[in-house]
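# Provide a 3D model corresponding to the input given below.
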Amino acid sequence: MTQQLARTAGTGGSVVVDRCQVCGAADLELVLFLGYLPPVNQMRPIGQRPHEQPAYPAELLQCRRCQLVQLGLIVDPAILFPPEYPYTSGTTRILRENFAELQRESTAILGLRGSELVVDVGSNDGTLLENFRAAGHPVCGVEPTLMANLANERGVRTIMSFFGPPAASRVVAECGRAHVVTATNVFAHIEGIHEIVDSVLAILDDDGVFITESHYLMALIETLQYDTIYHEHLRHYSLGSIAYLLNMHGLEVIHARRIPTHGGSIRVYASRRGARKALATVDELLAEERDAGELADRLTAFRRRVAKSKVALHALLRDLLEKGSRIYGVGAPSRASTLINYVGLDREILDCVVEVKGSYKVGKYMPGTLIPVVDEARLFEDQPEYALLLSWHIADELIPKLTARGFTGGYIVPLPEPRVVRSAESS
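Sure thing, here's the model as predicted:
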């Protein structure tokens with residue numbers, strides 16, 4: 001199961017993917033190339049003069065054997081996830097609600113009593129585990145960034161480490177074997193996925209369950225979410241491809257369903273083969289994937305739609321700028337960096353991007369640009385004619401809130417088809 005990947009000189013330890021990250025097949029086919037993109041969370045202070053900064057090829061590939069869709073380059077995780085990595089899951093309402101719902105669902109499906117150890121891989125600030133701790137469970141997180149300190153301060157026991165065999169051994173030595181291991185929005189991010197699954201198995205009780213959430217490939221295709229393609233996302237799973245991976249390690253999927261986080265994700269439960277009975281949800285979702293058509297054909301159509309979307313957005317913005325309109329971006333999630341850099345937006349098109357008060361991104365430039373990120377108060381003070389929603393996947397939630405707070409302009413929803421929405425309209 002060892003990956004055969006070639007290290008490239010002068011790339012800071014980056015790895016060229018010349019074989020499938022899951023099955024090792026060499027016949028990888030190009031799906032989409034978005035150009036050379038900067039790391040989405042490397043943002044320079046406003047006022048700093050432009051200087052040489054890293055950018056890496058964003059090449060999406062498909063494996064015809066196991067159907068995994070994956071990036072063609074693995075960037076050194078120390079570059080993408082430094083200790084000061086600023087993302088905090090607890091500041092996002094939809095994630096807080098999702099994690100609370102995950103605790104309730106897993107308790108019902110697995111018959112949890114409240115005494116079982118729950119371990120979270122990539123536990124960030126401990127938001128997910130806090131739900132299990134509140135239900136009486138002993139918990140342990142594994143988190144490589146300084147968010148581990150924040151979690152520990154909140155009383156959520158967290159080991160500050162990248163996840164792998166040493167971290168797994170430490171969890172077992174200090175806390176014992178886990179009945180539930182979770183990995184949300186991280187299972188597609190980690191290099192050496194077979195070692196990761198083996199490390200999960202080393203922690204898991206014989207009758208334990210592994211629960212993972214990842215951005216869902218089918219949602220990416222259906223709603224043209226090319227902006228979720230960036231270097232932190234090494235793999236884009238369908239249920240078929242994630243089941244293939246887990247089966248290689250003696251695990252079988254026992255429950256799966258779509259969830260709304262990140263514009264469309266998939267939640268998967270897996271146990272050791274034969275340990276638990278699979279629910280009907282597994283076959284139902286697999287059938288849905290098959291009925292959607294040949295994946296290679298869908299990806300070809302996806303590539304064409306991405307190109308058309310890019311020029312359509314340019315055309316919409318051109319028409320607005322010709323009328324003298326000012327356009328501010330709203331929100332600076334990681335996905336905004338891909339959209340801005342791929343489409344080629346700059347400060348002459350987008351005056352600024354507004355972010356919530358207190359965000360670490362305020363006072364920085366958007367990656368790869370001189371577009372400043374400023375306090376969201378500017379949107380309401382300046383009243384630009386249009387707001388480009390960079391978190392467009394939650395437009396239905398954002399538009400009423402921004403309107404209620406006093407924004408009177410129009411909203412540009414860039415994907416899946418660029419369009420202008422007025423506050424009184426449905427997005």
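
# and the longest strand seen in the chain, average pLDDT?
Using DSSP state E to define each element, the chain has its longest strand at strand 204-215. Across strand 204-215, pLDDT averages out at 97.

# can you list contacts of stretch 99-114?
Contact partners of stretch 99-114, identified using Cβ atoms under 8 Å, 6 or more residues apart in numbering, comprise 89, 127-128, 131-132, 135-137, 179-180, 182, 184, 209, 211, 213, 255, 267, 269, 279. In this view, the C-beta of every residue, glycine as well, is placed from N, C-alpha and C.

# what's the longest strand of the chain packed up against?
Here strand 204-215 touches helix 93-110, strand 178-184, strand 235-236, helix 239-247, strand 251-259, strand 265-272, going by 3 or more Cβ pairs under 8 Å, 6 or more residues apart in numbering; DSSP states H and E.

# quick check: buried residues in it?
With burial defined by 16 or more other Cβ atoms under 10 Å, the residues of strand 204-215 counted as buried are 204-205, 208-215.

# likewise stretch 170-183?
Buried residues in stretch 170-183, defined by neighbour count with 16+ other Cβ under 10 Å: 171-172, 175, 177-183.

# export these to a markdown table and tack on pLDDT and distance to Val142?
A markdown table is the format used below for these (pLDDT from 0 to 100; distance: Cβ to Cβ, whole Å):
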| residue | pLDDT | distance to Val142 |
| --- | --- | --- |
| Val171 | 97 | 7 |
| Val172 | 97 | 12 |
| Cys175 | 96 | 11 |
| Arg177 | 97 | 15 |
| Ala178 | 98 | 11 |
| His179 | 98 | 16 |
| Val180 | 98 | 14 |
| Val181 | 98 | 10 |
| Thr182 | 98 | 11 |
| Ala183 | 97 | 10 |
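
# now, which of those sits nearest Ala26?
Lowest distance from Ala26 to the buried residues of stretch 170-183 (Cβ to Cβ) belongs to Ala183, with 27.8 Å.

# can you tell me how far Arg276 is from Gly114?
19 Å (Cβ to Cβ, to the nearest Å).

# quick one: which of the two has more around it?
More crowded of Arg276 and Gly114, by other Cβ atoms under 10 Å: Arg276, with 18 against 11.

# stretch 210-219: end-to-end distance?
22 Å (Cα to Cα, to the nearest Å).

# chain center to that stretch, what's the gap?
Relative to the centre of its chain, stretch 210-219 is centred 9 Å away, using Cα atoms, centre = their mean, to the nearest Å.

# can you check stretch 384-400 too?
In terms of Cα atoms, centre = their mean, the centre of stretch 384-400 is set 19 Å apart from its chain centre.

# pull out the buried residues from stretch 145-164.
Buried residues in stretch 145-164, counted by 16+ other Cβ under 10 Å: 145, 147-148, 150-152, 156-160, 162-164.

# show me where the chain dips below the pLDDT cut-off.
Scanning the chain for pLDDT under 70 picks out 1-12, 82-91, 424-427.

# can you give me the helices for it?
77-80, 93-110, 127-134, 147-153, 165-175, 193-203, 217-222, 239-247, 280-291, 295-322, 334-343, 377-382, 395-404 (DSSP state H).

# I'd like to know which of the ones you listed is closest to Thr261.
Among the helices of the chain, the nearest to Thr261 by Cβ to Cβ is helix 93-110 (5.0 Å).

# what angle separates that closest one from helix 395-404?
Counting by axes from the mean of the first three to the mean of the last three Cα atoms, to 10 degrees, helix 93-110 lies at 140 degrees to helix 395-404.

# tell me which residues in helix 93-110 are buried?
For helix 93-110, burial by neighbour count (16+ other Cβ under 10 Å) applies to 95-96, 98-99, 102-103, 105-107, 109-110.

# ditto for stretch 228-248
228-246.

# picking that back up, just put the buried residues of strand 204-215 in a markdown table and tack on distance to Gly324.
As requested, those are exported to a markdown table (distance: Cβ to Cβ, whole Å):
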| residue | distance to Gly324 |
| --- | --- |
| Leu204 | 61 |
| Asp205 | 65 |
| Gly208 | 61 |
| Val209 | 58 |
| Phe210 | 55 |
| Ile211 | 52 |
| Thr212 | 49 |
| Glu213 | 44 |
| Ser214 | 43 |
| His215 | 38 |
